[in-house]
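K.L.:
no sequence on this one, just coordinates:
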């Protein structure tokens with residue numbers, strides 16, 4: 001493969017949450033002004049590896065990449081794969097752009113906004129892997145419908161993953177953990193839980209970087225849990 005060239009009741013309909021925090025440093029603001037437009041996801045039309053990278057390749061998507069360290073790690077580990085990162089938080093996008101610049105990652109494209117908007121435009125069966133690492137738990141019961149681990153988003157993810165593709169989920173929140181496991185039971189016709197022994201979900205599988213958020217949770221006494229699910233059947237299968 002040739003090298004990539006940079007620049008070439010539970011249905012969640014939109015993402016909730018804040019979009020910015022502290023003021024960007026001058027160097028971060030410059031990256032947002034210059035690098036982001038060059039590697040941003042197109043605002044309209046179908047999304048495919050060919051359109052983003054000029055060639056066919058395995059396509060990964062990370063929902064809410066935080067500071068982008070996991071996204072950058074995976075993109076560096078798999079340079080012949082294409083990576084889409086979605087994050088609504090401006091400060092996180094700026095941090096991810098610094099990783100892209102410093103590691104010279106030509107196989108990353110970024111969407112600053114709602115991941116569901118991007119997912120809807122990805123062709124069915126086009127994704128090899130989807131990552132949902134430590135999403136906002138929305139711990140109050142009245143906000144449960146805002147969680148990404150819900151029937152609507154999971155049906156969408158299932159449609160976009162190829163058969164045998166993988167969904168990786170991580171959380172350190174007990175409420176979200178129980179909720180996610182309950183919801184995934186309803187999607188057993190779409191996803192197979194890849195686990196071989198008790199406690200495996202408390203250890204990181206090969207190629208899974210612990211993010212700063214997960215490390216902080218561990219220091220504060222919250223155990224990160226990691227889950228891998230394989231897409232069953234064909235994309236778009238009816239329940």
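P.N.:
That came through fine. Because the structure is predicted, anything quoted here is derived from the model rather than measured.

K.L.:
show me the helices in this protein, by range?
P.N.:
Counting by DSSP state H, one finds helices in the chain at the ranges 26-39, 49-53, 69-77, 90-102, 115-121, 151-160, 174-185, 212-219.

K.L.:
among those helices, which comes closest to residue 140?
P.N.:
helix 174-185 (9.3 Å; CB to CB). (Glycine included, C-beta is placed from N, CA and C.)

K.L.:
give me the mean pLDDT for the closest one.
P.N.:
Mean pLDDT, computed over helix 174-185, is 93.

K.L.:
check stretch 133-144 too.
P.N.:
Stretch 133-144 comes out with an average pLDDT of 78.

K.L.:
what about it, distance to the chain center?
P.N.:
Its chain's C-alpha centre and that of stretch 133-144 lie 16 Å apart, by CA atoms, centre = their mean, to the nearest Å.

K.L.:
which positions within it qualify as buried?
P.N.:
Buried residues in stretch 133-144, counting neighbours by 16 or more other CB atoms under 10 Å, are found at 133, 134, 135, 136, 137, 138, 144.

K.L.:
returning to that earlier point: let me have the helices of the chain in JSON lines, adding distance to residue 226 and mean neighbour count as columns.
P.N.:
Shown next, in JSON lines, are these (distance: least, CB to CB, whole Å; neighbours: other CB atoms under 10 Å):
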{"stretch": "helix 26-39", "distance to residue 226": "28", "mean neighbour count": "14"}
{"stretch": "helix 49-53", "distance to residue 226": "26", "mean neighbour count": "20"}
{"stretch": "helix 69-77", "distance to residue 226": "12", "mean neighbour count": "21"}
{"stretch": "helix 90-102", "distance to residue 226": "21", "mean neighbour count": "21"}
{"stretch": "helix 115-121", "distance to residue 226": "19", "mean neighbour count": "18"}
{"stretch": "helix 151-160", "distance to residue 226": "17", "mean neighbour count": "21"}
{"stretch": "helix 174-185", "distance to residue 226": "11", "mean neighbour count": "16"}
{"stretch": "helix 212-219", "distance to residue 226": "9", "mean neighbour count": "15"}
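
K.L.:
can you put those helices in JSON lines and add distance to residue 83?
P.N.:
Compiled in JSON lines, the helices of the chain are given as follows (distance: least, CB to CB, whole Å):
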{"stretch": "helix 26-39", "distance to residue 83": "10"}
{"stretch": "helix 49-53", "distance to residue 83": "9"}
{"stretch": "helix 69-77", "distance to residue 83": "5"}
{"stretch": "helix 90-102", "distance to residue 83": "10"}
{"stretch": "helix 115-121", "distance to residue 83": "12"}
{"stretch": "helix 151-160", "distance to residue 83": "15"}
{"stretch": "helix 174-185", "distance to residue 83": "23"}
{"stretch": "helix 212-219", "distance to residue 83": "19"}
